[in-house]
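# Please find the sequence and the predicted model below.
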Amino acid sequence: MTYLMRVIVLIWLVFLMTACKVEEFTGFKIETISQNESLRLSGHVISYYTSDSVMAAFVTIGSRQAITDDQGEFSIFYVLSESEKRNKPTPVDIFAENYYPYHDLLYLSQQNTHFVFYLKYAAPIILDATAVFQRTYEYDYICQAIVKDFQGVSTIQYVKAVFFNKDAVGDSVISFLQLKEYVDSQTGRFQSTVKFPDWYPDRFYLQVSDKEGYQDWLAKSLTGIEKLIFNP
């Protein structure tokens, strides 16, 4: 083999070795980006007090957002920032109707992509309500309600009933129910007596508000036979 041929063969071998190294390096680099930067995050949002799934909750992790489905679950495609790859925590914020907002920090990695969040229910809950015709000299109806608040009965600001009649256009009667007795620390029985001017109601709605402004309400028709839900 001539000197020139040996040089050509040597150059060709060096080229092949270099090409292999570049391919190997490029493949490793692509794999690193895929594994260390791109994550599929998933999670489950649950009610703290009842363990029920919370649907339609707005979940924000870093700059990415998702909404929980009817099973309280969500999924987010997420790309780690340079600081997150160095283990900087990522903020998470969750908002759902009638729940307290949730704020925390997450540490994201390939080994930490699924999360379970517990939200505390904030609003009062009307368990039952009624208005019963029991006419006396002082009143025409007894209105009753059973209300629950996980923060305690003492946090309830008011329980209000508004009565209507389809023939009394533009007219209504408002009655504020008073706490009659405790069922437990979170549940109370409320009651009021109501006097009507010259008409009787065919429907009413009940509104409950706590001291933080969270509310619940219930609408009921009075065309049927109503019964008291506890001893007046």
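Yes, it's here.
# Would you state the strands of the chain in chain order?
Per DSSP state E, the chain carries strands over the ranges 38-47, 58-61, 64-67, 73-79, 90-95, 102-106, 114-119, 125-133, 141-148, 156-164, 173-184, 187-194, 203-210, 215-221.
# Report the contact partners of the residue lying closest to residue 131 once chain neighbours are set aside.
Nearest non-adjacent residue to residue 131, counting by Cβ to Cβ, 6 or more residues apart in numbering: residue 143, 4.5 Å away. For the C-beta atoms, the positions are set from N, CA and C on the backbone; glycine is no exception. Contact analysis of residue 143 by Cβ atoms under 8 Å, 6 or more residues apart in numbering lists 129-132, 161, 175, 177, 191-194, 204, 206.
# which ones are touching the spatially most central residue of the chain?
In the chain, the centroid-proximal residue (Cα atoms, centre = their mean) is residue 96; its distance is 2.8 Å. Each residue near residue 96 by Cβ under 8 Å, 6+ apart is listed here: 45, 54, 56-58, 68, 119.
# Just the buried subset of the contacts of residue 143, please.
For the contacts of residue 143, a burial check counting by 16 or more other Cβ atoms under 10 Å picks out 129-131, 161, 175, 177, 191-192, 194, 204, 206.
# farthest pair in the residues you listed?
Farthest apart among those by Cβ to Cβ are 191 and 204. That separation is 14.1 Å.
# Name only those of the contacts of residue 96 that count as buried.
45, 54, 57-58, 68, 119.
# which of these lies closest to residue 150?
Checking the buried ones among the contacts of residue 96 one by one against residue 150 (Cβ to Cβ), the nearest turns out to be residue 119, at 11.5 Å.
# any idea how far residue 56 is from the closest one?
Distance, residue 119 to residue 56, using Cβ to Cβ, to the nearest Å: 12 Å.
# And residue 180, by the same measure?
Separation of residue 180 from residue 56 (Cβ to Cβ): 35 Å.
# Pass me the low-pLDDT residue ranges in the protein, would you?
1-36, 168 (pLDDT under 70).
# Now do the same contact list for residue 153.
With contact set as Cβ under 8 Å, 6+ apart, residue 153 has these partners: 147, 179, 182, 185-188.
# do residue 184 as well
For residue 184, the contact set (Cβ under 8 Å, 6+ apart) is empty.
# now swap in residue 200 and tell me
Contact analysis of residue 200 by Cβ under 8 Å, 6+ apart lists 133, 140, 165.
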